[in-house]
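**Student:** Predicted model and sequence below, questions to follow.
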Amino acid sequence: MEIFDFAVKMEREGKSYYRSLSEKVSHRGYKGILNLLAEEERAHAELIEKVHGGKEPQTLNSPVLKEAVSVFADMKVSLDLPEFSAGEVELYKKALVVEEKSYEFYQRLSNESQDPLARKVFRNLAKEEKKHCFLMESLIAFVAHPKVWVENAEFNHLEEY
């Protein structure tokens with residue numbers, strides 16, 4: 001399988017995973033974050049297809065971290081802290097592993113690619129996947145200790161990314 005085809009397949013699998021994960025959570029804010037992650041994975045697949053087709057891709061502009069900050073801020077104000085099942089943390093940990101592998105994959109491709117456009121796109125995709133890793137780490141920390149996490153305004157560090 002060619003590298004571009006593999007990357008598109010990987011992004012589509014990520015989209016499917018986030019969509020299925022969003023169906024398993026009841027909290028509206030979390031559901032929104034997961035659906036936004038799914039949409040970003042879809043956009044990544046389209047970007048890769050454009051580059052592979054020789055077209056100039058649009059710049060990625062990920063709103064997911066701003067959306068997450070908004071969700072956590074709303075939870076702090078409303079004290080609407082969701083209940084999480086024991087298995088839910090494992091689902092987020094699995095997503096983190098996938099995002100870490102995606103980051104490493106795109107980092108490697110950006111270093112190995114001879115095509116300047118592909119190198120730039122892979123570098124940008126690596127940055128996007130790193131943001132997703134950071135968000136997943138934050139979601140895992142929140143699920144483990146929601147009250148403490150929100151009270152300490154731990155979500156404010158998301159804006160720095």
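**Tutor:** Cool, the structure landed.
**Student:** Helices along the chain, start to end?
**Tutor:** For the chain, the helices defined by DSSP state H cover 3-24, 28-52, 64-78, 86-112, 116-144, 146-151.
**Student:** I'd like those as CSV, with distance to residue 58 and mean neighbour count appended.
**Tutor:** For the C-beta atoms, the positions are set from N, CA and C on the backbone; glycine is no exception. Formatted as CSV, the helices of the chain follow (distance: least, CB to CB, whole Å; neighbours: other CB atoms under 10 Å):
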stretch, distance to residue 58, mean neighbour count
helix 3-24, 15, 16
helix 28-52, 7, 20
helix 64-78, 17, 17
helix 86-112, 17, 16
helix 116-144, 11, 19
helix 146-151, 34, 15
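**Student:** Please give me every residue in contact with the most centrally placed residue in the chain.
**Tutor:** In the chain, the residue lying closest to the centroid (CA atoms, centre = their mean) is residue 132, at 3.1 Å. Applying CB atoms under 8 Å, 6 or more residues apart in numbering to residue 132 gives the contacts 37, 40, 64, 99, 102, 103.
**Student:** Need the pLDDT of it.
**Tutor:** Per-residue confidence (pLDDT) for residue 132: 92.
**Student:** Low-confidence bits of this structure, can you list those?
**Tutor:** Within the chain, the ranges that satisfy pLDDT under 70 run 1, 75-82, 86, 145-161.
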